[in-house]
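Chemist: Fold the following.
(2 chains)
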Amino acid sequence: MVDNLEQDQEIDLEEERVLDAIAAELPGISRDVHQLIPVLQKIQHIHGYLPLGSIGMVAAHFGIPGAKVFGVATFYNQFRFNPPGRHPIKVCLGTACHVKGGEIILENFTRRLGIEEGETTKDREYSLERVACVGCCALAPVVVVGEKIESYVTPSKVEGVITEIEIQNEIAEREKAKDEQQSDSE
Amino acid sequence: MSSNPTPSELLSELTQAAEKQWQALQNPAVPVIYVGHATCGRAAGSQETIDGFRDALAEKGIEAEIITVGCLGHCYAEPLVTIHYPGFPPLMYQKVGAGEARVLVNSFLQGGEDPCFEYLLGALEPNDTFPTLMDYPRYLYEKRVIMDQCGLIDPHSLDHYLAVGGYQALAKALEKGDKWVVEEIKSAHLRGRGGAGFPAGIKWDIARQAEKTPKVVICNGDEGDPGAYMDRTLMESNPHQVLEGLAIAALAVGASRAILYIRAEYPLAVSTIEDAIAAAKEHNLLGERILGTDFSLEVSVFQGSGAFVCGEETALIQSIQGNRGMPQYRPPYPAVEGLDGLPTVINNVKTLSTVPSIVRKGSHWFKAIGTEKTPGTAIFSVVGDVEYPGLVEVPMGVSLEHLIFEVCGGIKDGKPFKAVQIGGPSGGCLPESELSTSIDFDSLRQAGAMMGSGGMVVMNDETCMVEVARYFIDFTQHESCGKCTFCRIGTRHLLEILTGLTKGEGSDDDIAELQTLSEETIIGSLCSLGKTAPNPVLTTLRFFKDEYLAHYREHRCPALMCRDLIAYYIDLDACARGCDACVACCPTEAIFTTSNRKKAIDQEKCVKCGECVYACPPEYDAVFKVSPPEMIPDQGIKPLDEKKEENNE
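Modeler: Numbers count the residues shown, from 1 in each chain, chains lettered A, B, ... in the order given. Below is the predicted model:
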């Protein structure tokens, strides 16, 4: 429980930082409402998501109702309202991937990570999404992990993908510990 | 005589240097390695291939040039590498990973001894020693107009494009004038490749004659169809061809502003196009006073935010204006009153990519390809269960059978053909009896399918048609903008019925409801999304009604695909004692050891992912699928009593 509370507080703090950053940037952008979607895209590109607080700020910037900004942001699949994980996982469910069992792959990630699609794990390590098509249909089923596209994914490969990330995290942690030890002994 | 140089003269100054460089590349002094590095190549690991070549070359101290090119459309063979070794014809290799790259460096690039026939696909030029690509049906039957240079030139190099005749059409159009261009496109009878097939020349003419100014042209690269990716490939592999087509369109209608609307899901296409715009501007091929004429064009990129409906032109305009992408009633058509009320021409990436060739080579050349009503070529992304999936460009009018069985090598692993889904969520599923259908806008529509965006998914007998229909309705239901009642609620109701069917629930009334509700959704929707959404349901109902009946009458999925209606079991006679392959792969630990030390599946825990089927070594092949689940034979399985075993030992 305590852990969760701390994590939640951390997220609140981070959100505040993000909102401050957005407030600092907005005045430099044109107030032409044609820029609405590009501005939302820019916020998401920089911060990874649209904090709910940012909707009101953007609305005030363009002088339009918050409902309109929220309406636009929720209409398009690209926008998300919770922070993505450090390793965002996008499971392609295009036609070719679906026929080759993309749904099963999504289910395996859900089971392995304990989150549903559209969610982020509590430790913010992974987030899970479904996407309509990444355009690599000949290599189906496809999963995008971070920036990397994994092709011909099977349930065992799902396990492999997560294990690989875990191993890399562990290596990074060990090296960090080693560095700390070295700097301590110096 | 005016002393001002003509656009052609200005262009040829630019081209001369580019051609010289290109010639040098054709007769290289050091080996040149071309690596296909578009999105699909990258997915197949082309970055590792490039690194593999770099490392191996550095180790051996061999000097060679590595050039990244776009996608050739032969996705089954990725990563594709072409090596031009001095004295050899350019040779294309398939499935070159980092390891193969190393072997190629050691055996071939080091002294040119062994050209590694084992990885060779073919030579690009006729010669005495090597088979050429033209010896393969996949290459021979293709007719490349739009994808002519894809995968052969560096998309980031303006010089490459100039050297193969780039921007000559623009120079010609600038000299001949807008009226000539419109007439030429009209007489070529170029039909919009976005799906509807509306003649591009007529659209241009309407906008050209519209009085309001300024006018706008938009390149529609919002390729939302799950299963089609030719627009992405064109933008990634030959961006200047798209830009040249866009500039010619702008010249023809008298537009001063051009926008490329590209899906945000295609980051590589966005960055490639942006680089190309910058390069073209720098060389006065876009921007102010293009090639010394009065024609100026401001070009920008707008990133779509992932809404399928924005492929519809009025919805696309709404989204650029900062609104929800909801289609508007037409008329007025965008060509008369579009973006911000200005005359706006919206053309698909493929349409615009065809324009430069038509202007350069003339409408007669174009009309000689394809059929009388629909000249030119069609690009399909043929995916699914075919031997050679990928992008295929064929002349209009060839039959589906020719495309699937001769060009793409037929069904993988010799399985039987069941259906082909054409045109994505708006298209239909056609069975074997319709394979003689000719590929063009009108014939496909008659057959109940659609040209659509050119997505084509080939399915073998392991694909359930009810599930496919459910998938597409799930997609359109999710992507419906919500404006029209039938599209919003009708598709939802269709989805509920179809989902029930895939679980074995339903009745004769439901089937009748599917039919009438589909027909009503077509009538009751404003835009093509709703008007075509029921197509997958209607065509599967027409051609595969038996499958629908089997689902709710017998609780059986004939294709063994619907997971609620199937079960896996391990045949004890085939299973090998002591083999653990399936146990290790099962994600839910549903597989246990039986009393005779073979394996069995706990049906309660099994999630029917099918992983054990792949894991089971082919020499045993002991995992079987049945439908309905009650069909599992009683093999008298008892779990292994481990305590007892230990006591015995």
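
Chemist: Could you confirm residue B:337 falls within a helix?
Modeler: No - secondary structure of residue B:337 (DSSP: H, G, I helix; E, B strand; the rest coil): coil, not part of a helix.

Chemist: Surely it touches residue B:343?
Modeler: Yes - using CB atoms under 8 Å, residue B:337 is in contact with residue B:343, at 7.0 Å. Glycine gets a C-beta too; all of them are placed from N, C-alpha and C.

Chemist: More neighbours: these two, which one.
Modeler: More neighbours surround residue B:343 than the other of residue B:337 and residue B:343, with 27 against 18 (other CB atoms under 10 Å in any protein chain shown).

Chemist: list the contacts for that one?
Modeler: Residue B:343 makes contact with B:206-207, B:210, B:212-213, B:215-216, B:253, B:334-337, according to CB atoms under 8 Å, 6 or more residues apart in numbering or on different chains.

Chemist: Weed out the non-buried ones from those residues.
Modeler: Buried residues within those, counting neighbours by 16 or more other CB atoms under 10 Å in any protein chain shown: B:206-207, B:210, B:215-216, B:253, B:334-337.

Chemist: Helices - which of the residues you listed land there?
Modeler: Of the buried ones among the contacts of residue B:343, the ones assigned to helices by DSSP state H are B:206-207, B:253.

Chemist: need these in JSON lines with pLDDT and distance to residue A:114, can you?
Modeler: Shown next, in JSON lines, are those (pLDDT from 0 to 100; distance: CB to CB, whole Å):
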{"residue": "B:206", "pLDDT": "96", "distance to residue A:114": "56"}
{"residue": "B:207", "pLDDT": "96", "distance to residue A:114": "54"}
{"residue": "B:253", "pLDDT": "96", "distance to residue A:114": "55"}
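
Chemist: Secondary structure element holding the nearest residue to residue B:295 once chain neighbours are set aside?
Modeler: Nearest residue to residue B:295, sequence neighbours excluded (CB to CB, 6 or more residues apart in numbering or on different chains): residue B:251, at 5.7 Å. Assigned by DSSP states H and E, residue B:251 belongs to helix B:239-253.

Chemist: Kindly report the same for residue B:458.
Modeler: Counting by DSSP H and E, the element that carries residue B:458 is strand B:455-460.

Chemist: who's in contact with the closest residue to residue B:306 other than its chain neighbours?
Modeler: Distance criterion CB to CB, 6+ apart; nearest residue to residue B:306, sequence neighbours excluded, is residue A:77 at 3.6 Å. Applying CB under 8 Å, 6+ apart to residue A:77 gives the contacts A:131-132, B:305-307.

Chemist: For residue B:6, state which of those is nearest.
Modeler: Of all these, residue B:305 has the smallest distance to residue B:6: 42.7 Å, by CB to CB.

Chemist: Can you tell me what sits against stretch B:245-252?
Modeler: Applying CB under 8 Å, 6+ apart, the set of residues contacting stretch B:245-252 is B:169-170, B:173-174, B:178, B:181-182, B:185, B:204, B:208, B:217, B:219, B:255-258, B:260, B:285-286, B:290, B:295, B:297, B:299, B:345, B:347, B:351-356, B:359.

Chemist: Mind checking which of those are in helices?
Modeler: Cross-referencing those against helices under DSSP H gives B:169-170, B:173-174, B:178, B:181-182, B:185, B:204, B:208, B:351-356, B:359.

Chemist: which of those are buried?
Modeler: B:169-170, B:173-174, B:178, B:181-182, B:185, B:204, B:208, B:351-356, B:359.

Chemist: which of the residues you listed come close to chain A?
Modeler: Among these, proximity to chain A is found for none (CB under 8 Å from any CB of the partner chain).

Chemist: Give me the contacts around the strand holding residue B:458.
Modeler: Residues contacting strand B:455-460 (CB under 8 Å, 6+ apart): A:95-96, A:99, A:137, B:225-228, B:380-386, B:403-404, B:408, B:411-412, B:415-424, B:427, B:429, B:468.

Chemist: quick one: which of those sit in strands?
Modeler: Using DSSP state E, the subset of these located in strands is B:380-384, B:417-422, B:429.

Chemist: In those, find the pair that's most separated.
Modeler: It's B:381 and B:418 that sit farthest apart of the ones in strands among the contacts of strand B:455-460, by CB to CB, at 19.1 Å.

Chemist: Can you list the low-confidence ranges for chain B?
Modeler: Counting by pLDDT under 70, chain B contains low-confidence residues at B:1-3, B:642-649.

Chemist: Packing partners of the one helix or strand residue A:177 maps to?
Modeler: Assigned by DSSP H and E, residue A:177 belongs to helix A:155-185. Judged by 3 or more CB pairs under 8 Å, 6 or more residues apart in numbering or on different chains; DSSP states H and E, helix A:155-185 is in contact with helix A:102-113, strand A:143-145, helix B:611-615.

Chemist: Next, the buried residues of that helix.
Modeler: Applying 16+ other CB under 10 Å to helix A:155-185 flags A:155-159, A:161-162, A:165 as buried.

Chemist: How about stretch B:508-523?
Modeler: So, applying 16+ other CB under 10 Å, buried residues of stretch B:508-523: B:510-511, B:514, B:517-518, B:521-522.

Chemist: Now narrow the ones in strands among the contacts of strand B:455-460 to whatever sits close to chain A.
Modeler: B:381, B:383-384, B:421.

Chemist: Adding pLDDT, write the buried residues of helix A:155-185 out as CSV.
Modeler: Shown next, in CSV, are those (pLDDT from 0 to 100):
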residue, pLDDT
A:155, 88
A:156, 88
A:157, 90
A:158, 92
A:159, 90
A:161, 93
A:162, 94
A:165, 93
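
Chemist: Per the annotation, how does chain A divide into domains?
Modeler: A:2-75, A:87-185 (automatic domain parsing).

Chemist: how far out from the middle of the chain is the longest one?
Modeler: When you say that, I think you mean domain A:87-185. Offset of domain A:87-185 from its chain centre (CA atoms, centre = their mean, to the nearest Å): 12 Å.

Chemist: Residue B:161: how many residues sit nearby?
Modeler: Residue B:161 has 25 nearby residues by other CB under 10 Å.

Chemist: ok, for it, nearest residue in space, not its chain neighbours?
Modeler: Leaving aside its sequence neighbours, residue B:161 sits nearest to residue B:240 (CB to CB, 6+ apart; 4.2 Å).
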